[in-house]
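Novice: Need coordinates for the following:
(4 chains)
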Protein chains: 2
Amino acid sequence: MGKERVTVIDIARAAGVSKSTVSLVLQASPLVNEATRAKVNAAIRELGYVYNRGAANLRQSNAKSKIIGIVVNDLTNSFFAELAVGVDMVVQSAGYVQFLANTGESVDRQREVIASMREHGISGLILSPARGTEAADLKSLVASGIPVVNVVRQVAGAKVSSLVSDNHAGTREAVRHLAGLGHHRIAFLGGFPDTAVFHERLQGYRDALSDMDLAVHGELVISSAPSRAGGVAAIERALLLRERPTAAVCFNDAVAFGVCDGLRAHRLDPGEDFAVIGFDDVIEAQTAVPALTTISVDPQGMGRRAAQLLLKQINAGKADAEAIVSSVRLVVRQSCGAATDKRERLSLL
Amino acid sequence: MGKERVTVIDIARAAGVSKSTVSLVLQASPLVNEATRAKVNAAIRELGYVYNRGAANLRQSNAKSKIIGIVVNDLTNSFFAELAVGVDMVVQSAGYVQFLANTGESVDRQREVIASMREHGISGLILSPARGTEAADLKSLVASGIPVVNVVRQVAGAKVSSLVSDNHAGTREAVRHLAGLGHHRIAFLGGFPDTAVFHERLQGYRDALSDMDLAVHGELVISSAPSRAGGVAAIERALLLRERPTAAVCFNDAVAFGVCDGLRAHRLDPGEDFAVIGFDDVIEAQTAVPALTTISVDPQGMGRRAAQLLLKQINAGKADAEAIVSSVRLVVRQSCGAATDKRERLSLL
DNA sequence: TGACAACTTTGGAACGTTCCAATTATCTAA
DNA sequence: TTAGATAATTGGAACGTTCCAAAGTTGTCA
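Specialist: Just a heads-up that it's a prediction; the model follows:
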């Protein structure tokens, strides 16, 4: 069983050429004669040669390996899974390969995986930072000249490119839509208050309320884990209020689904008895019942754009950090009650 | 900044020792004196040295890199995302790093990513094969002595270890449970008929019907894509039958959620008007409304076990292939109507 | 004092590739 | 014919690490 590694020298011997020629063939150099190329390729297939990128990489000290790293803070959230798929698409078609790691929101783990990736000589990194990541954590990475693109979350003070969605505009539009439908008591549900994303989305919510001359009630802002379970918990608390809200803008789609679940558990019909709007537009949003009205972020598209940005920086050698705010749009489906004519029933209940 | 790579020789010079000594320190060898070790470590920190695994790996020809590859056929399915998280856990704590790629059910893509991983010198591979993968596709990989563990799906004739769930027993138990609740017309919904998993689950369904002396109606087996959308499509077709089923065992949880959506679109209440059982027990199964009765497979646990199996083989040098069938169990929640006492209402509607 | 063991340290070769400068073979134009 | 250009090939050095055999240090005991 092929214990011995087949090297470029074995190929050279088999094809009757020098190792240098084999190397040129491997790099698809135009310098080599067609006949020789064919001979060499035949030998390669014959002997089952496997290219050793480690060795190649060692020699071309500056030109980096064809690896790009992607580190996400919660792979079980389908938003990030789709983001990773988007990244994989463009990265792969550019001949790179993806190194994916999950930090589960742990900065320690994040430090470990990034260190490990550096040892393997990644040529770039796409990072959705764990909660609590600081600029100092990325310092040595950027100092070494490895391009980094932050996605979803920014890290204050870090000199890296970033690609985040327009959180402020997103919730703002959501609230305006709900207000336009006649809702006065609109809640903001879910999310951890110690993240920048939370504050941006909350601020959009507040600003929209002011714009529409609606009062801002602190009790209507209920934070929780940004997950389905967190959504259930948040709506539970909201329904305990003396004056219940009639609509909610949720931190993300996972929370929104949880809110729908929680409503149903109370025999309330999401989309009819209570309006719900999510954020992200994950793939299940359109097939769920009721279909979720949400702020579309297109995670796959975001992954693709992040990857393109990173590749651009890798090729440019040294581009300076750019911060891209990806625009979002409201996708109106059933869960906000606007698409159906059943809202009249509301008063009957 | 820091364009020049810091090497072991720079460290040696700075610490006033030889490169060999530095190497020993890096490997935490007990041979080196405490004082020297401290000096070297100080220099490492001082100069911001990054270990070059490529070079190390080149030298220790036989001992492999600390990379394990994981290739899944559909990362957007949260089952696989969780599987990957499970793998990551044990792999990471064993000091390995994970290379993750998504094939999106394409054998071509799968061939590419596996080739790429080999070039990077993975020391093992966990593979959930794309549909249509053949033993020949894995041949050269196993010939080169790289341990491979197949998960979820087997590849007929391939000499690799595998870890699959007990599909037959799973659906069998599900059908028995439904029959025990008094259902006679039980459908089998979703899944692609050209996979081994589909047949195993279908066979369990058929065998259970026979066991319970219920007739097997071909019309009640409706295949579709194994996704939420596929589930909607399948239940649509099922509801068009002259004699409708009253319960369904679904190919997986995604299909089951789709079935619930489809039922609601027809004003039927899953868990009350129609019993639904899924397969996999993805994380949303317990928080959904109604909570999904399902066959628990524990994707994270499966990932962990697969990783452990792989590491065992890597360490053993050359273990022979073992096929593990992971047992499953029925988790009864709301969607099958057994956990609630609302079934009596059914007749009132 | 010398012999021997235990502990530390070390220079060079090797891993598989790419790059460079140099070489050979082939062709073209004067 | 020859000089020069063009095309194709090549040997050796280099990349950053680990391994090996060998060599320095100490310390102990007769």
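Novice: From here on, just use CA atoms for contacts and neighbour counts.
Specialist: Noted.
Novice: Closest to the centroid, which residue in chain A?
Specialist: What sits nearest the mean C-alpha location of chain A, by C-alpha atoms, centre = their mean, is A:Leu83, with 3.9 Å.
Novice: Identify the residues contacting that one.
Specialist: Neighbouring residues of A:Leu83 by C-alpha atoms under 8 Å, 6 or more residues apart in numbering or on different chains: A:299-304.
Novice: lowest average confidence, helix or strand, in chain A?
Specialist: Ranked by mean pLDDT, DSSP states H and E, the helix or strand of chain A with the weakest confidence is helix A:345-348, at a mean of 37.
Novice: Quick one: neighbours of A:His168, just the number.
Specialist: Residues lying near A:His168 (other C-alpha atoms under 10 Å in any protein chain shown) number 21.
Novice: Could you look up the SS state of it?
Specialist: The assignment at A:His168 comes out as helix when based on DSSP: H, G, I helix; E, B strand; the rest coil.
Novice: What pLDDT does the model give it?
Specialist: Reported pLDDT at A:His168 in the predicted model: 97.
Novice: Can you say which helix or strand has the residue nearest to A:Leu220 when sequence neighbours are not counted in it?
Specialist: Distances taken as C-alpha to C-alpha, 6 or more residues apart in numbering or on different chains place A:Ala187 nearest to A:Leu220, at 4.6 Å, with adjacent residues excluded. Using DSSP states H and E, A:Ala187 falls within strand A:186-189.
Novice: Verify the stated contact: the residue nearest to A:Leu220 with A:Leu241.
Specialist: No - contact criterion C-alpha atoms under 8 Å: A:Ala187 and A:Leu241 do not qualify, at 11.2 Å.
Novice: Enumerate the residues of chain A near DNA strand C.
Specialist: Those residues of chain A that sit near DNA strand C, judged by C-alpha under 7 Å from any atom of the strand, are A:5-9, A:19-20, A:22-24, A:26-27, A:50-53, A:55-60.
Novice: cutoff 6 Å now
Specialist: With C-alpha under 6 Å from any atom of the strand as the criterion, chain A meets DNA strand C at residues A:5, A:7-8, A:19-20, A:23, A:27, A:51-52, A:55-56, A:58-60.
Novice: Mind picking the two most distant members of those residues?
Specialist: Set against one another by C-alpha to C-alpha, the residues of chain A next to DNA strand C have their most distant pair in A:Arg5 and A:Gln60, with a gap of 21.4 Å.
Novice: if I look at A:Asp298, how far off is DNA strand C?
Specialist: 38 Å (C-alpha to the nearest atom of the strand, to the nearest Å).
Novice: Which pLDDT value does the model give the residue in the stretch 201-349 of chain A that DNA strand C sits nearest to?
Specialist: Among the residues of the stretch 201-349 of chain A, A:Asn315 lies nearest to DNA strand C; the distance is 15.0 Å by C-alpha to the nearest atom of the strand. A:Asn315 is assigned a pLDDT of 86 by the prediction.
Novice: in the helix or strand harbouring it, what counts as buried?
Specialist: The secondary structure element spanning A:Asn315 is helix A:299-316 (assigned by DSSP H and E). By neighbour count, and taking 16 or more other C-alpha atoms under 10 Å in any protein chain shown as the criterion, the buried residues in helix A:299-316 are A:299-300, A:302-311, A:313-314.
Novice: what subset of those is also close to DNA strand D?
Specialist: Restricting the buried residues of helix A:299-316 to those near DNA strand D - C-alpha under 6 Å from any atom of the strand - leaves none.
Novice: May I see these organised as a markdown table, with distance to A:Val97 added?
Specialist: Supplementary listing: the buried residues of helix A:299-316 in a markdown table, determined by distance: C-alpha to C-alpha, whole Å:
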| residue | distance to A:Val97 |
| --- | --- |
| A:Pro299 | 20 |
| A:Gln300 | 17 |
| A:Met302 | 18 |
| A:Gly303 | 15 |
| A:Arg304 | 14 |
| A:Arg305 | 16 |
| A:Ala306 | 15 |
| A:Ala307 | 12 |
| A:Gln308 | 14 |
| A:Leu309 | 16 |
| A:Leu310 | 13 |
| A:Leu311 | 12 |
| A:Gln313 | 17 |
| A:Ile314 | 14 |
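Novice: Please identify which pair of these lies farthest apart.
Specialist: Between any two of these, the greatest separation by C-alpha to C-alpha is 22.3 Å, found for A:Pro299 and A:Ile314.
Novice: about what we covered before: could you list the residues in contact with the helix holding A:Asn315?
Specialist: Residues from elsewhere that reach helix A:299-316 (C-alpha under 8 Å, 6+ apart): A:79-80, A:82-91, A:123-126, A:147-149, A:151, A:163, A:280-282, A:319.
Novice: about what we covered before: can you get me the centre-to-centre distance for the helix or strand just after the strand holding A:Ala187 and its chain?
Specialist: Beyond strand A:186-189 in the direction of the C-terminus, DSSP H and E gives the next helix or strand as helix A:196-211. Shown here is helix A:196-211, whose average C-alpha point lies 21 Å from the average C-alpha point of the whole chain (C-alpha atoms, centre = their mean, to the nearest Å).
Novice: Let me know the pLDDT of A:Val282.
Specialist: At A:Val282 the predicted local confidence, pLDDT, stands at 87.
Novice: Residue ranges in the stretch 151-300 of chain A under the pLDDT threshold?
Specialist: By pLDDT under 70, the stretch 151-300 of chain A contains no weakly predicted segment.
Novice: tell me the domain boundaries of chain A?
Specialist: The record's domain split for chain A, according to automatic domain parsing, is A:8-51, A:67-165+A:300-327, A:167-298+A:331-348.
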